[in-house]
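Visitor: My questions concern the predicted model and sequence given below.
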Amino acid sequence: MDELSPRELAILALERRGFVGPGAKERAIREQLGLAPVRYYQLLNALLDDRRALEHDPVTVNRLRRVREARRSER
């Protein structure tokens, strides 16, 4: 399959948004996607390594990859 699933597209769309206040993003994850935040971040992490996601939204995927790499190097 060469296309992202509707859920994968929704995850990328959610990542493009800005969130104000503590817990706003986690609330949106639960309400809009019906996922627990832990599961959401597992799916997002896998999506960041998917070439289809990079082709679909390179700005968001590359930004999130940089954030992920910075967090890994802090350890």
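Guide: Received the coordinates, thanks. Predicted, not measured: the structure shown is a model, and the values here were computed from it. Numbering: from 1, shown residues only.

Visitor: Return the residues in contact with the residue nearest to the spatial centre of the chain.
Guide: Centroid-nearest residue in the chain: residue 44, 4.0 Å away (criterion: Cα atoms, centre = their mean). Taking Cβ atoms under 8 Å, 6 or more residues apart in numbering as the contact definition, residue 44 lies against 11, 15, 64. The C-beta positions use only the backbone N, C-alpha and C, and glycine is treated the same way.

Visitor: Figure out the helix or strand that the second one lives in.
Guide: By that I understand residue 15. helix 6-16 (DSSP states H and E).

Visitor: and that helix, what does it pack onto?
Guide: Using 3 or more Cβ pairs under 8 Å, 6 or more residues apart in numbering; DSSP states H and E as the contact definition, the elements that helix 6-16 packs against are helix 37-48, helix 51-56, helix 58-74.

Visitor: where does the chain dip in pLDDT?
Guide: Within the chain, the segments meeting pLDDT under 70 span 1.

Visitor: and if we set it to 50?
Guide: Confidence mapping of the chain against pLDDT under 50 gives zero matching residues.

Visitor: ok, residue 59 - how many residues close by?
Guide: 8 (other Cβ atoms under 10 Å).

Visitor: follow-up on the earlier one: CSV for the helices and strands packed on helix 6-16, including distance to residue 29?
Guide: Formatted as CSV, the entries for the helices and strands packed on helix 6-16 read as follows, by distance: least, Cβ to Cβ, whole Å:
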stretch, distance to residue 29
helix 37-48, 5
helix 51-56, 17
helix 58-74, 15
